[in-house]
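Asks: For reference, the sequence and a predicted model appear below.
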Amino acid sequence: MSVPSVPAELAKLRETAVSVLRGNDLGDITRPSPTLYPHQWLWDSCFIAIGLRHLDTERAAAEILSLLRGQWPNGMIPHVIFAETTDFYHAGPQRWRCDRVTATAGGVQSTGVTQPPMIAEAAVRIGTMMSSSARGGFYRRLYPGLLRFHQWLYDERDPDDEGLVSLVHSWESGMDNTPTWMEITRPVAPLGVRVLRRLNGDDALDALRRDSKEVPPDERLTSGDLFTLYRIVRELRRAHYNFREIRRTIVPLVQDVAFNAILIRANEHLTAIAAEIGAVVPARLARSMRRTREAIAELAVDGVYYSRDFRTRTLLRHETIAGLLPLYAGVVPEENVDEMAKRLASPRYWSRFGVASVPVDDPSFLPRCYWQGPVWVNMNWLIADGLERYGRLDAADNLRSNTIDVIAASGAMYEYYSPLDGSGAGSNRFSWTAALLIDLLAGNR
Ligand code: 9WN
């Protein structure tokens, strides 16, 4: 496929991105980073495929279809599908033991939770690069599994038919240590963590963790929080990953605003895919889809969107980037869009480098710590897409070019970037940064 015409220095950056993707390619899946994340992640593969389509459309389609190997009989597509590798991952199959509960479609090992449903978006983007007959073939292979996944989201995770699906672990949100989730998660910390915290000895746990060998611990979530997330996995395992049982445990349950916003967009794409192959979305699912569009309004107060505690129905009033994703969903009433775009463009969120994951004046803001402040390329991509569909073209273009600039200035494909000085953090060979850079440089809409 021809390389789009970009200036020489950007062409070199694109080459770096391509080599990162090649280096992380494991055949028909791409790992998010060489040592930190050596398996396949659901939403990572989607963002990766959106970039890969410019290099090799077939390969991009394979990346998406390979997610179906992990599908559970109940329809869930898991957040991680474990690759056959001896590379160490801190939350590997032994922590989940899902093989005791179920088998997967492809006989692969997986985690017992899901991740933001970006599959339909990726599929449609790939489809734009295909001839109509190739696209039809791709969609026909994907559709049955994708449909069952969307049905599972509602049947399992919206048991009271409210229109909003609930998440059972912050890993499902993809924003592991975002303050909203940490606030609701910390009260269920294991006893040891609570005692150490009282003695102010969180650091004592650092020696026990194994996820911070590639990346300094202060760029990831705290050890106390990590051990709490492990505890929640243990609870989920005991509840057989079944929502009816999970409901009866101490596991925090959140109607996550970003996840539901992504679901809304995914539902639209799923409907378009169905129409193209002459399938009919079952009426029950179509009704749930409509309900989500309406129900997300319940999460807004004075134009600001929050996640909600499923059990208590209270809004988790922490302003984060998650609350901007209704723009991507296209559900912000037109009369509120400018206000939201203004908030987003204020120095609280939008430094020169893209959108901070937590506003810089928030007490929990840390510029280089994971989802507690840094700019993430996938978030910039989603928000720019939303701004564009609302016709805010200048804002979308600015955000896209800032994103390219911050990656260019770092010279590497970092996992995330400080909103204060644009310095890169986390893994420096991160696949979705590479893939989305390639997509941004292609200028495709
Ligand atoms: C847990 C792979 C994933 C991303 C998430 C990101 C991080 C995993 C971890 O890495 O989470 O799923 O081990 O920290 O938060 O968004 O999908 O890149």
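Replies: Now that the structure is in, tell me what you want to look at.
Asks: which one's the longest helix in the protein?
Replies: Longest helix in the chain, counting residues (DSSP state H): helix 132-157.
Asks: If you count contacts, what does that one end up packed against?
Replies: The contact analysis (3 or more Cβ pairs under 8 Å, 6 or more residues apart in numbering; DSSP states H and E) places helix 132-157 against helix 57-65, helix 119-127, helix 257-276, helix 283-295. Glycine gets a C-beta too; all of them are placed from N, C-alpha and C.
Asks: CA atoms of the longest one as CSV?
Replies: Taking C-alpha atoms only, helix 257-276 is exported to CSV below (Å, rounded to 0.1, in the frame of the first residue of the first chain):
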residue,chain,number,x,y,z
VAL,A,257,-19.7,6.7,31.3
ALA,A,258,-16.9,6.1,28.8
PHE,A,259,-17.7,2.4,28.3
ASN,A,260,-21.4,3.2,27.7
ALA,A,261,-20.5,6.1,25.3
ILE,A,262,-18.3,3.7,23.3
LEU,A,263,-21.1,1.2,23.3
ILE,A,264,-23.5,3.7,21.8
ARG,A,265,-21.2,4.3,18.9
ALA,A,266,-20.5,0.6,18.6
ASN,A,267,-24.2,-0.1,18.4
GLU,A,268,-24.6,2.3,15.5
HIS,A,269,-21.8,0.6,13.7
LEU,A,270,-23.2,-2.8,14.4
THR,A,271,-26.5,-1.7,13.0
ALA,A,272,-24.7,-0.5,9.8
ILE,A,273,-22.8,-3.8,9.5
ALA,A,274,-26.1,-5.7,9.8
ALA,A,275,-27.7,-3.6,7.2
GLU,A,276,-24.9,-4.1,4.7
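Asks: Pull out the buried positions in that helix.
Replies: Neighbour-count burial for helix 257-276 flags 257-271, 273-274, 276 (criterion: 16 or more other Cβ atoms under 10 Å).
Asks: Could you do the last one as well?
Replies: In terms of neighbour count (16+ other Cβ under 10 Å), helix 283-295 has its buried residues at Leu285, Ser288, Met289, Arg291, Thr292, Arg293, Ala295.
Asks: and Leu440, what is it in contact with?
Replies: Each residue near Leu440 by Cβ atoms under 8 Å, 6 or more residues apart in numbering is listed here: Trp381, Arg400, Thr403, Ile404.
Asks: Once you drop chain neighbours, what's closest to the first one?
Replies: Using Cβ to Cβ, 6 or more residues apart in numbering and skipping residues adjacent in sequence, the residue nearest Trp381 is Leu436, 5.0 Å away.
Asks: and the helix or strand harbouring the one you found, what's its mean pLDDT?
Replies: Per DSSP states H and E: Leu436 is located in helix 431-442. In this model, helix 431-442 has a mean pLDDT of 98.
Asks: Also stretch 282-301?
Replies: 98.
Asks: ok, residues contacting it?
Replies: 147, 150-151, 154, 158, 161-165, 255, 257, 260-261, 263-264, 267, 271, 281, 305-308, 315, 317, 326, 329, 331.
Asks: Check these for burial and list the buried ones.
Replies: For these, buried by 16+ other Cβ under 10 Å: 147, 150-151, 154, 158, 162-165, 255, 257, 260-261, 263-264, 267, 271, 281, 305-308, 315, 326, 329, 331.
Asks: Enumerate the residues of this structure near the ligand.
Replies: Pro32, Tyr37, Trp41, Trp43, Asp44, His79, Ala91, Trp171, Gly174, Asp176, Asp211 (Cβ under 6 Å from any ligand atom).
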